[in-house]
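**Q** quick one: sequence and predicted model below, then my questions.
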Amino acid sequence: MTTDAASVRPDAIYVALRSAIISHDTLPGTTVTESAIAMRFGVARPTAKVAIERLVAEGLLRREAHRAARVPQLSRADIVDLFDSRAVVESAAVGNLATGGTLPAEALDAHRSLIANARHSESFAQEDIAFHRALVAGQSSPRLARMHGLIMGEIELCIGQVQAGRLLTATEVSAQHQGILDAVIAGDPVLAHRLTREHIARSRDLLLAHFDSSHNKKVASR
């Protein structure tokens, strides 16, 4: 890859690495070293380190002491805990939105992008992530937004796995989002809360079934 090193900033490297991790172009368990990233993008190692450490801070990479960063391999217990924690935070946040009956413009933009993608592609992870981030960021409680930020990096790993495993289609995801939006616009916090929990539980259950099937195949092949 030929790159003008002077034009590459840590933000651009971060975006490229993040996208590759979520799309599973960079698979769970993959080591991500400063030297490899510096060579790939034609930058100095300190520049590569800034991008890597940002991903570590967000949970999209993990780094043990004195070891290179790796893409996390989530366990079954990780998946359950992440989705259940997410359901608590996001359902409360969407309930807050429904009480006010208003929608963040960023959530609507992400939803429209997802609908547009559904017409010609099964790719939905980036728009799905943007939609949920915008819903939580746009409600009134800064503490809920901070809690969401703490787990969202690992949640993005899960969303990427759902897409990579073709467990849901973009059309299905956009339809579930539309139901949540309709409940918020109608000013119905109880319905918005329930639909958000059901949407999250659906993804969780599909991903757990996929995890169990993959695990059983690995055991059987030994």
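**A** Everything's here; your move.
**Q** going forward, measure contacts and count neighbours with C-alpha atoms only.
**A** Noted.
**Q** run through the residues that contact Gly149.
**A** Glu58 (C-alpha atoms under 8 Å, 6 or more residues apart in numbering).
**Q** gap between it and Arg143?
**A** Gly149 sits 10 Å away from Arg143, going by C-alpha to C-alpha, to the nearest Å.
**Q** skip the chain neighbours and tell me the closest residue to Arg70.
**A** Distances taken as C-alpha to C-alpha, 6 or more residues apart in numbering put Thr31 closest to Arg70, at 4.4 Å, once the chain neighbours are dropped.
**Q** tell me the spacing between the one you found and Ala69.
**A** 6 Å.
**Q** more crowded one of these two?
**A** Ala69 (22 against 18; other C-alpha atoms under 10 Å).
**Q** which ones are touching that one?
**A** Ala69 touches Thr31, Val32, Thr33, Ile52, Val56, Leu61, Arg62, Arg63, counting by C-alpha under 8 Å, 6+ apart.
**Q** which residues in this protein form strands?
**A** Ranges of strands in the chain, per DSSP state E, are 31-32, 69-70.
**Q** make TSV out of those strands and add mean pLDDT.
**A** Supplementary listing: those in TSV, determined by pLDDT from 0 to 100:
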stretch	mean pLDDT
strand 31-32	96
strand 69-70	96
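**Q** of all these, which lies closest to Ala209?
**A** Shortest distance between Ala209 and the strands of the chain, using C-alpha to C-alpha, is found for strand 69-70: 24.6 Å.
**Q** for the protein, longest helix please?
**A** Assignment by DSSP state H gives helix 189-221 as the longest helix of the chain.
**Q** for that helix, which helices and strands make contact with it?
**A** Judged by 3 or more C-alpha pairs under 8 Å, 6 or more residues apart in numbering; DSSP states H and E, helix 189-221 is in contact with helix 76-100, helix 142-164, helix 170-185.
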